[in-house]
Each structure stands twice: as structure tokens, then as C-alpha cells.
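Peer 1: need a structure here:
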Amino acid sequence: MKKNYKKVIVILADGARPDVIQELSALGKLPYITEHLIQAGTDFKATTTFPSTTGPAYLPFLTGNFAGTANMPGIRWFDKKAFAKGFGWPDGHRSYVGLESYFMGKDIKAGTDTLFDLIPEAYNIFNAVTPRFGNRNLTKLSRIWYWYYAHLTDHWTFADKAAHEKTMNALRIPDLRFLFVVYPGIDEYGHLAGPKHEATLDSYKFLDESIGEIVAELKKKNEWDNTQLWIVSDHGLSKTDHHFCINTFLEERDFPTFYYPLIHRRFNARAASMVSGNGMSNVSFRNHDGWQRITTQEELRKMSPDLLKDFLAQEAVDIVAIRNNEGGFDILSKRGEAKVKEEGDKICYQVVNADPFGYDALPQKMSFAESFERTIDSEYPDAPLQLAQLLRSPRAGDLIVSAKSGYDLRLKFEHPEHHGSHGSLHWEHMRCVMLCNTTFERKHARSADLFPTVLDALDVKPTQNCDGVAII
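Peer 2: Here you go, the predicted structure:
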């Protein structure tokens with residue numbers, strides 16, 4: 001029998017890796033998460049959206065749509081047609097690193113409802129995707145202050161403690177039905193020091209202590225049995241030992257490049273590179289007649305016959321995907337090449353020579369569910385569909401670059417130096433945490449599946465179709 005809940009709480013542990021959760025749980029270092037979610041509930045084998053980076057990867061949880069469907073193809077993006085129209089600000093580009101994060105809710109594809117729109121009694125803590133939200137955003141003004149202070153001091157535990165305190169206060173709000181909270185510490189310490197550094201692991205342990213207090217408060221109020229509690233992450237994170245400057249690479253090949261933070265250098269640009277999570281980049285090119293059109297592989301080869309070959313020759317570059325004249329895109333790696341095209345609710349996947357992801361033989365036409373099931377345990381889970389959904393966005397690049405594990409694509413203007421990265425198609429970045437105190441028969445999910453599942457738990461009717469499928 002279906003059970004409806006009075007409350008749903010979603011805690012987004014930014015950058016948390018499922019394998020690290022499992023390792024710490026097995027060592028007895030996450031007692032509350034182990035007892036109340038892993039043992040009593042469901043630990044999903046789950047994937048995020050591509051790019052696997054903060055901001056865009058929040059959208060599946062909040063809208064049920066992948067990043068490309070929601071028209072937010074990266075934490076930085078470049079819209080060729082909008083850029084070509086004029087010189088006002090903002091004119092076809094964005095970086096959500098800093099104050100422009102306040103545009104995140106506004107920039108989602110028009111007509112897209114969030115959980116905050118559909119659940120009137122929804123409240124938010126430290127999440128930047130907040131369109132049409134008002135006073136239910138409990139950190140509307142303070143979020144940027146906490147982030148700025150933590151960035152200057154590298155004291156991200158301070159922000160996690162604030163998230164916990166504000167969560168405990170929110171539990172006392174009489175009409176609370178849905179709460180979405182971001183804990184940033186795991187991701188930020190992962191960038192600064194690596195995914196398994198002591199400071200990063202301490203953030204997992206703090207999260208566990210927070211869960212213990214949240215559960216105790218709900219039990220004290222006799223609300224635990226009617227509350228669905230989730231811990232999720234927007235992406236994983238891998239150790240970074242080498243930096244590759246994609247902007248310098250392009251400029252050395254006669255492609256003056258538009259990139260953040262040097263956005264004033266635009267007038268002679270022939271390319272734009274928008275790096276996300278440091279593990280991927282949306283790269284766009286100016287055609288002979290301007291920026292208005294997409295650039296296909298065929299046209300890029302006329303501009304620069306060896307550019308794709310040069311990209312793949314770089315140790316840092318793992319996968320490149322480029323649009324083609326057939327309405328799809330070509331995927332290239334050192335392993336091989338394939339053609340992918342989205343046709344309705346099917347993925348067409350044709351290997352040209354050897355498989356670029358190293359997959360075992362896949363059907364040439366798959367449903368979205370079959371594509372997921374056949375690739376979930378590979379090094380590149382859900383990659384065919386995730387590349388296809390990204391290119392639904394007009395803001396996505398002509399060329400998509402995914403970095404090799406251990407490398408990133410950003411060297412200049414990265415202060416402090418990052419020792420951890422995400423954003424790529426590799427499993428270390430694409431596999432995400434999805435834990436729930438409810439027992440489900442289904443044990444695998446995409447992050448987009450949480451949106452319809454929350455609505456189902458609260459008996460709220462969706463107003464739109466979405467990429468996610470309810471876990472019932």
C-alpha cells in the first residue's frame with residue numbers, strides 16, 4: 001500500500017561519493033547514516049546528470065530534468081545566438097561562481113516548475129536554484145556571505161555548521177512539508193585537498209552527526225515515522241594531480257578564446273571555453289559568418305583539420321563529443337568512435353570502429369532505461385543519454401570535452417589551486433549518493449527520479465513531464 005508522508009527532507013551533501021560513504025559506514029564511522037538510512041532504508045546505485053557539477057546537477061533533484069533539458073549546460077555557459085546579438089550585460093554568457101549565482105533560478109528553461117513552485121510549504125537552505133521563492137528561502141541574503149567567508153578562510157566547516165543549525169530551526173516551522181538543504185563542506189574540502197583527505201572525511205562525519213540530531217529531533221516530536229529523509233549528492237569527485245589549460249591550447253592553434261574571468265576579451269574571439277567542475281568544458285566556435293550557427297564536426301575540420309586529433313593527443317583529454325550534420329553527434333576517444341542520436345524516447349548508438357567508452361556491445365537502439373541499465377556498472381555510467389540530453393540545450397557547446405581522471409581543464413585563475421575535480425563523464429564524477437529512510441524495491445536511480453518521488457510521497461500532482469521516473 002502506498003504511504004504518504006507529512007514531511008520530506010532532502011539533504012544535499014555536495015560532492016559526496018557513494019563509495020566513500022560505503023567505506024566509512026563499513027568502518028563504523030557513520031553510525032547514524034548507517035542505522036537510519038543504509039540499514040533501515042535504501043542505498044541506491046545512482047547517477048547524476050552531465051555535467052556532473054554543482055548548480056546544473058542540482059536541477060534533476062529540484063525539477064526532475066537533466067541539465068540540458070533545463071537549459072543549464074554548465075556552471076559556466078555560452079549562448080552563441082544571444083552573444084551574437086549585442087554587447088549588453090549579461091549577453092549570452094554566465095558564470096555561477098560568485099554573484100551571478102543569483103541568476104541561476106532565472107536562467108532555467110521557461111515554464112519549468114521546481115519543487116518549491118509545486119509545494120507551497122517548501123523551504124530552502126543554502127541552495128542557489130530558487131526562482132519565485134520569497135521568504136521561504138531561509139538563506140536568501142546570507143548564503144553569499146557564508147560562501148565568501150568560507151572561501152577566504154578555507155573554513156567550510158563553518159558553513160556546514162550553519163546549514164545544520166538552520167535545519168534544526170526549520171524543523172520547528174509549523175507548516176513545513178518540504179526542506180532542501182545544502183551542506184558544502186565535502187565538495188569544497190575535496191577541491192582543496194582531495195576526496196579522501198582528512199578534512200574531507202571529517203565533513204562526512206559531521207554530516208553523520210547532523211543526521212543523528214535531525215532524527216532525534218523528529219523522534220522527539222513524534223514525526224520520524226511520517227518523514228521521508230534523503231541524503232543525496234550532485235556529483236562525485238576525484239583527486240587531481242595535473243592541470244591542462246584548454247584556453248592556452250586553443251589560442252596556440254589560432255583560436256583566440258573567450259573565457260572567464262577575462263570576459264572583456266571578446267572582440268577577436270574565435271572560440272569560447274566554459275569549464276565546469278574543471279573536469280569538462282563546453283567549447284563553442286565562431287563560424288566564417290559569425291556566432292549564430294552551431295559548428296559541426298564537418299565545419300570544424302574545414303576551420304582546423306587537425307584540432308580534434310590534437311585534442312585527443314592530449315593526456316588530459318579523455319572524451320570529446322561534437323555535433324554532426326546528421327542531427328546527432330560523434331563521440332571520439334583514444335579507444336574508438338561512435339555516433340549517437342536521440343530519436344524520441346530512444347538512443348541510437350552506432351560504434352564506428354571500436355567503442356569510445358570501452359563498452360561491451362550495445363544495441364544500436366535503446367530505451368533510456370535500457371541505456372542506463374547496460375552502462376550503470378561501467379566506467380562511464382549513462383554516458384550516451386547524458387551526452388544526448390546536454391545537447392538539447394542551445395547553450396551547450398559545439399564541442400564537449402571530458403577530462404581524464406586525475407586531470408582537469410583549468411590552470412589559469414584557479415585560486416586556490418584545486419586538488420580535486422568533477423564534471424566529467426567518468427564514474428568517479430557521475431556516480432552520486434542517493435540514500436533514503438524509506439525501503440524501496442527498486443535499487444537503482446538517476447538523480448532526476450527524486451523529483452517525482454518526492455511529489456508522490458507528499459501526494460502532490462506534477463504539472464509537467466520530466467526526465468525522472470518516480471521510484472514507487
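Peer 1: gap between the two ends of stretch 244-260?
Peer 2: 16 Å (CA to CA, to the nearest Å).
Peer 1: okay, domains of the protein per the record?
Peer 2: Domain ranges of the chain: 7-72+108-239+426-457, 242-419, per automatic domain parsing.
Peer 1: got CSV for the ones you listed, with distance to Gly468, mean neighbour count and mean pLDDT too?
Peer 2: Glycine gets a C-beta too; all of them are placed from N, C-alpha and C. Listed next are the domains of the chain as CSV, based on distance: least, CB to CB, whole Å; neighbours: other CB atoms under 10 Å; pLDDT from 0 to 100:
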stretch, distance to Gly468, mean neighbour count, mean pLDDT
domain 7-72+108-239+426-457, 3, 21, 94
domain 242-419, 11, 19, 94
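Peer 1: include distance to Asp79 when you put those domains into CSV, please.
Peer 2: As requested, these are exported to CSV (distance: least, CB to CB, whole Å):
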stretch, distance to Asp79
domain 7-72+108-239+426-457, 9
domain 242-419, 5
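Peer 1: Asn465: which of the ones you listed is closest?
Peer 2: Nearest to Asn465 among the domains of the chain is domain 7-72+108-239+426-457 (8.5 Å), distances taken as CB to CB.
Peer 1: ends of the closest one, how far apart?
Peer 2: End-to-end distance (CA to CA), domain 7-72+108-239+426-457: 9 Å.
Peer 1: and what of stretch 321-338?
Peer 2: One end of stretch 321-338 sits 9 Å from the other (CA to CA).
Peer 1: following the host helix or strand of Ala338, which helix or strand shows up next?
Peer 2: Per DSSP states H and E, Ala338 falls inside strand 337-343. For strand 337-343, the following helix or strand on the C-terminal side (DSSP H and E) is strand 346-351.
Peer 1: so what secondary structure elements neighbour that next one?
Peer 2: strand 337-343, strand 365-367, helix 368-375, helix 383-390 (3 or more CB pairs under 8 Å, 6 or more residues apart in numbering; DSSP states H and E).
Peer 1: save these as a markdown table, and put in distance to Ile263 too.
Peer 2: Below are the helices and strands packed on strand 346-351 laid out as a markdown table (distance: least, CB to CB, whole Å):
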| stretch | distance to Ile263 |
| --- | --- |
| strand 337-343 | 32 |
| strand 365-367 | 40 |
| helix 368-375 | 36 |
| helix 383-390 | 22 |
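Peer 1: alpha carbons of the lengthiest helix in the chain, as CSV, please.
Peer 2: Ranked by residue count, the top helix of the chain under DSSP state H comes out as helix 198-220. Taking Å, rounded to 0.1, in the frame of the first residue of the first chain, the C-alpha atoms of helix 198-220 are listed here in CSV:
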residue,chain,number,x,y,z
GLU,A,198,41.3,14.0,6.4
ALA,A,199,39.4,17.4,6.2
THR,A,200,37.1,15.9,3.5
LEU,A,201,36.4,12.8,5.6
ASP,A,202,35.7,14.9,8.6
SER,A,203,32.9,16.6,6.7
TYR,A,204,31.3,13.2,6.1
LYS,A,205,31.5,12.6,9.8
PHE,A,206,30.0,16.0,10.6
LEU,A,207,27.1,15.2,8.2
ASP,A,208,26.5,11.9,10.1
GLU,A,209,26.4,13.8,13.4
SER,A,210,23.9,16.2,11.9
ILE,A,211,21.7,13.3,10.8
GLY,A,212,21.8,12.0,14.3
GLU,A,213,20.5,15.2,15.7
ILE,A,214,17.8,15.6,13.0
VAL,A,215,16.5,12.1,13.6
ALA,A,216,16.5,12.7,17.3
GLU,A,217,14.5,15.9,16.9
LEU,A,218,12.0,14.3,14.6
LYS,A,219,11.5,11.4,17.0
LYS,A,220,11.1,13.8,19.9
